[in-house]
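Asker: Predicted model and sequence below, questions to follow.
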Amino acid sequence: MPAYDSARSSWHLVRTDYSDQETWVAVLGSVLQETEEGFRADLEVVEDRGFDGFGVAQVRAVITEDYEYSFILAADKITMTATDHPLLVIDLFDESGRSFRAVPLAIQAIENNLSIANMSFFEFADHVDPDGVFRDFPPDP
């Protein structure tokens, strides 16, 4: 079973579905592009067919104790097949195993804010749309 190398300087985006290469390339392009505000997601992409078909529990099971990040991203079957291609954002420590989905263009803000502890996992997870996907925070009234 694959394991993560914790000696990296970025979050990991683990591909767990290999059914649609064209969609994967499009999702990855969206996740890695710079936002209008100049933000980029600092991600290391993990493409290892050993992860094919993994769910939240299986991804969490391969995280070693010395993994230095509190969160991990996964591109799974739903990412590849849903219209807006939401990725899984998985909490590994504070609320271990809690997850939510986020559209690719929201990943930059999530990764940036969680990496510097400007925001907490629950602040994103608690603001998902009724379909369980985080797209953005609602506008101020």
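Answerer: Arrived safely, thanks for sending.
Asker: Quick check: bridge partners of the closest residue in space to Glu47 that isn't next to it in sequence?
Answerer: Distances taken as C-beta to C-beta, 6 or more residues apart in numbering put Arg15 closest to Glu47, at 5.0 Å, once the chain neighbours are dropped. Where you see a C-beta, it was placed from the backbone N, CA and C, and this is true even at glycine. For Arg15, the beta-bridge partners under DSSP bridges are Ala75.
Asker: roughly how far apart are Arg15 and Asp126?
Answerer: Between Arg15 and Asp126 the computed distance is 27 Å (C-beta to C-beta, to the nearest Å).
Asker: Looking at the two now, which is surrounded by more residues?
Answerer: For Arg15 versus Asp126, neighbours defined as other C-beta atoms under 10 Å are more numerous around Arg15 (22 against 10).
Asker: Name the helix or strand for Ile78, please.
Answerer: helix 77-81 (DSSP states H and E).
Asker: could you show me where the helices are in this protein, in order?
Answerer: 21-32, 56-61, 77-81, 107-115, 121-125 (DSSP state H).
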